[in-house]
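> fold the following, please.
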Amino acid sequence: MKITEKKNTIKDRKPFRKLGFTFLDSAEIVVALNQLLANYQVQYHKLRNFHWNIEGRDFFELHQEFQNEYNTVKLNIDIIAERIRVFGLKPSMSMTEILAISEIKEVKTDNMSAIGMTTEVLKDFDILHNKMLDVLNAALDAGDNVTEQIVTDFMRNLEKRNWIFTSWSK
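Got it, this is the predicted structure:
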């Protein structure tokens with residue numbers, strides 16, 4: 001009986017391998033990243049709306065804080081989209097798709113108080129934190145240290161900003 005030896009050629013390997021991750025590993029990470037991305041996109045627009053429409057005694061302080069937040073979110077959006085590209089996929093989403101995926105929802109700012117706006121920001125932080133945990137778990141399961149580090153940095157900043165907005169709201 002002759003035993004045939006299987007050659008380890010490119011043809012014999014799994015069809016998709018990006019950065020040492022299988023397509024399945026990458027898919028779980030990218031799905032979680034897309035969900036985080038969609039939530040960040042809605043939060044970005046919400047923060048811009050709050051920035052433009054804050055009124056009252058807290059105008060100067062919150063106008064600046066909302067701007068600080070949306071500038072951070074804008075950077076994070078780009079980092080996430082570029083991380084998705086690293087896996088060989090495209091983060092192309094229409095606004096309809098973003099709104100369907102996002103757990104963060106739009107709000108009307110008509111007659112919304114400063115405390116109402118900061119309460120919304122804090123609710124959004126909770127949603128984002130949960131989405132970051134989803135990405136972190138997918139990254140840890142796949143052994144993706146880079147995505148893990150990116151999200152850990154996001155979480156560190158988010159937790160500090162949560163503390164600051166919570167302290168302001170008291």
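> what about the helices in the chain?
Using DSSP state H, the helices assigned to the chain run over residues 23-53, 59-86, 95-101, 114-142, 145-169.
> what about residue 23, distance to residue 91?
Residue 23 sits 17 Å away from residue 91, going by CB to CB, to the nearest Å. Backbone N, C-alpha and C define where each C-beta goes, glycine included.
> ok, back up a step: now render the helices of the chain as CSV, adding mean neighbour count and distance to residue 108.
As requested, those are exported to CSV (neighbours: other CB atoms under 10 Å; distance: least, CB to CB, whole Å):
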stretch, mean neighbour count, distance to residue 108
helix 23-53, 20, 9
helix 59-86, 16, 16
helix 95-101, 13, 15
helix 114-142, 18, 11
helix 145-169, 15, 20
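> pipe these into TSV and attach mean pLDDT per row.
Formatted as TSV, the helices of the chain follow (pLDDT from 0 to 100):
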stretch	mean pLDDT
helix 23-53	95
helix 59-86	97
helix 95-101	95
helix 114-142	96
helix 145-169	97
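> spatially central residue in this structure, please.
With distances taken as CA atoms, centre = their mean, residue 36 lies nearest the centre of the chain, 3.1 Å away.
> does that one touch residue 135 like I think?
Yes - applying CB atoms under 8 Å as the test, residue 36 and residue 135 come out as touching, 5.5 Å apart.
> give me the common contacts of those two.
Jointly contacting residue 36 and residue 135 under the rule CB atoms under 8 Å, 6 or more residues apart in numbering are residue 151.
> quick one: residues contacting the closest residue to residue 38 other than its chain neighbours.
In this structure, residue 38 finds its nearest non-sequential neighbour in residue 101, 3.9 Å apart by CB to CB, 6 or more residues apart in numbering. Shown in contact with residue 101 (CB under 8 Å, 6+ apart): 34-35, 38-39, 93.
> looking at those residues, spot the one nearest residue 158.
Nearest to residue 158 among these: residue 39, at 11.7 Å, using CB to CB.
> pretty sure the closest one sits against residue 99.
No - applying CB under 8 Å as the test, residue 39 and residue 99 come out as separate, 10.6 Å apart.
> need the residues touching each of the two.
Counting by CB under 8 Å, 6+ apart, nothing touches both residue 39 and residue 99.
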